[in-house]
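J.: let me see the structure of the following:
(one chain, ligands or ions: 2)
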Amino acid sequence: MLGNFEFANKTKLYFGENSLEFLNQELPKYGKNVQLIYGSGSIKRNGIYDKVVEILKSNGKEIFEDGGVMPNPTVEKLYEGIEIARKNHVDLLLCVGGGSCCDYAKAVSVSVHCTEDPWEKYFLKFEEPDCEPVPVGCVLTMVGTGSEMNAGSVITNHQTKQKIGHVFASEEIMPKFSILNPVFTYTLPKNQMVAGIYDIFNHICEQYFSGEDDNTSDYISEGLMKSLIHSSRIALENPTDYEARSNIMWTATWALNTLIAKGKSTDWMVHMLGQAVGAYTDATHGMTLAAVSLPYYKYILPYGLQKFKRFAEEVWNIDSSGKTAEQIALAGLDAMEDWMRELGLVMNLTELGVTEDMLEGLTKSTPVMTGGYKVLSAEEITNIFRASLH
Ligand code: NZQ
Ligand code: ZN
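T.: Residues are numbered from 1 along each chain as shown. Ligands and ions are numbered 1, 2, ... in the order given. You can find the predicted model right below:
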C-alpha cells in the first residue's frame, strides 16, 4: 500500500559516450570561478582531467584545483575544500570522480556560506542547511553510490572513528547536473568495479527488504537486480563491454535516486554495519557491505521470511517445488553468495583488517535502524560482526 510521499529529483543527467560534450551546455549557467574537485590522480592517468580542463578553459572559466579527495573523504579534507571555495568565491563545484568526490562536493556546497562547524551541524546533529548551497556538477568515473543523482553525503572522522552519511532533505542539494559516460569507467581496477556492483545491489536490497505490502517499488527493484546480475557477469568477462557497463551505470543511478524508496520504510542496516567497519579500517565501501551481508541476512531471514522467499523466486529463479518457504528463502541467499564469490568480493571482515578486539567499538559505532524486519540489539550487532569475521 503506498502512503503519502513527495518525489522530486533536480539532477539533470547526460548519459552516453558523448555526454561530456554537454558540459559546454551547462557551464554558461554558472559564474566564472570553478572549483575542480578530483581524487588521487586516476583522472590524470586516463585523460579525463585534460578533457575537462579543456572544456572549462574554452568556456572562459577560472579553475581552482581541489585534488586529493580520498576514498571515504575525511572531515579534515572537507575543511580544506571549504577554505578553497571561500577564498576564491567559487560559483560551481565540479567534481570529476566517484562517490567520494561527489559526496565531498555536496558537503562543501552546504558549508561554504555556513558559519557553524559542518561536522557538528550536518553529521552529528543532522541539521538541514540554512545557507545558500554552492551548485554542484558531477562527471562520474566510478559507478556504485548513486551520489550523482541524490542528496547523500558520507564523511569520515578518523579521530572519533565515525563514518556518517547525511541524506539531505532538500533536492536542492542534489547535483545540478551529472555526466555519465560508461566508457569513463573502463579504467577502474577490477576490485573497484565489483565493489561498486555490490554497492548497487545492496542499495536495492536495503530498500527491498522492508514492508509486507504490495508495492510497485519492489517490482522495480527486482528488475534492477536482475539486470545488474546479468550485466555484472558480462562485465566480469569483458570489462569493456559497453552494453554491460552502461546498464550497470544506469542501474546504479536508479538504485539510489530515491525512486525505489517511495512507499517503503527501508532498512539500511547493512550500510550501518559496513560504515562502522569503514570508520575503523578505511576499507572500500562495497567490500565492507559484502563482508557483513550474509550473516545479517541469514539472521533476519525468519523475520522477513515471505520477502526472502519472493527474492529467491523472483531474483534468483529458485525452483520452489517440494521446498518449504524457509528452504526456498535460504536457497536464494545461497545463490546470492555464489554470485558474490563469482565477482570476487571480500566475504569476511578479517580480510578487511577487523580483529576480535574491535567488536565492542564497532558495535558502538553502529546506529540501529528501525525500518527493516528486525530491530537489532547491541548484542545481536556484535554477533553479526563476529559471524562476519570468517
Ligand atoms: O582517487 P581516484 O584517483 O579518483 O581513484 C578512485 C578511488 O581510488 C578510483 N577511481 C574512480 N574512478 C576511476 C578510478 N580509478 C580508475 N579509473 C576510474 N575511472 O576508485 C577508487 C574509489 O573511488 P570512490 O569515489 O571512493 O568510490 P565510490 O564511488 O564507491 O565512493 C565511495 C564513497 O561514497 C560513499 C561511501 O561511503 C564512500 O565514502 N557512499 C555515498 C552514498 C551516497 N552519496 O548516497 C551512498 C553509498 O552507500 C556510500 O555510502
Ligand atoms: Zn552504499
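
J.: so is stretch 268-288 next to ligand 1?
T.: Yes: counting by Cβ under 6 Å from any ligand atom, contacts between stretch 268-288 and ligand 1 involve 271, 285. Placement of C-beta: from N, CA and C, glycine included.

J.: using PDB, write out every CA atom in that stretch.
T.: The C-alpha atoms that make up stretch 268-288 are tabulated as PDB, following Å, rounded to 0.1, in the frame of the first residue of the first chain:
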ATOM      1  CA  TRP A 268      19.900   0.400   5.700                       C
ATOM      2  CA  MET A 269      21.200  -1.800   8.500                       C
ATOM      3  CA  VAL A 270      23.900  -3.400   6.200                       C
ATOM      4  CA  HIS A 271      25.100   0.100   5.500                       C
ATOM      5  CA  MET A 272      25.300   1.000   9.200                       C
ATOM      6  CA  LEU A 273      27.400  -2.200   9.800                       C
ATOM      7  CA  GLY A 274      29.500  -1.500   6.800                       C
ATOM      8  CA  GLN A 275      30.100   2.200   7.600                       C
ATOM      9  CA  ALA A 276      31.300   1.300  11.200                       C
ATOM     10  CA  VAL A 277      33.800  -1.100   9.600                       C
ATOM     11  CA  GLY A 278      34.800   1.700   7.200                       C
ATOM     12  CA  ALA A 279      35.400   4.100  10.100                       C
ATOM     13  CA  TYR A 280      37.700   1.600  11.700                       C
ATOM     14  CA  THR A 281      39.600   0.200   8.700                       C
ATOM     15  CA  ASP A 282      39.100   2.700   5.900                       C
ATOM     16  CA  ALA A 283      38.200  -0.300   3.700                       C
ATOM     17  CA  THR A 284      36.400   0.100   0.300                       C
ATOM     18  CA  HIS A 285      32.700   0.800   0.900                       C
ATOM     19  CA  GLY A 286      31.300  -2.000  -1.300                       C
ATOM     20  CA  MET A 287      33.600  -4.600   0.300                       C
ATOM     21  CA  THR A 288      32.500  -3.700   3.800                       C
END
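
J.: ok, residues contacting stretch 214-227?
T.: Contacts made with stretch 214-227 from outside it, assessed by Cβ atoms under 8 Å, 6 or more residues apart in numbering, are listed as 1-2, 201, 204-205, 207-208, 211, 247, 251, 254-255, 259-264, 310, 314-315.

J.: what about 10 Å?
T.: Surrounding stretch 214-227, the residues in contact under the criterion Cβ atoms under 10 Å, 6 or more residues apart in numbering are 1-3, 200-201, 203-205, 207-211, 244, 247-248, 250-252, 254-255, 259-264, 266, 307, 310-311, 313-317, 336.

J.: how far does the strand or helix carrying residue 379 sit from the chain's center?
T.: In this assignment (DSSP states H and E), residue 379 forms part of helix 378-387. Using Cα atoms, centre = their mean, to the nearest Å, the mean C-alpha position of helix 378-387 is found 24 Å from that of the whole chain.

J.: likewise stretch 311-319?
T.: Taking the mean C-alpha point of stretch 311-319 and that of its whole chain, the gap between them comes to 25 Å (Cα atoms, centre = their mean).

J.: sounds good, over and out.
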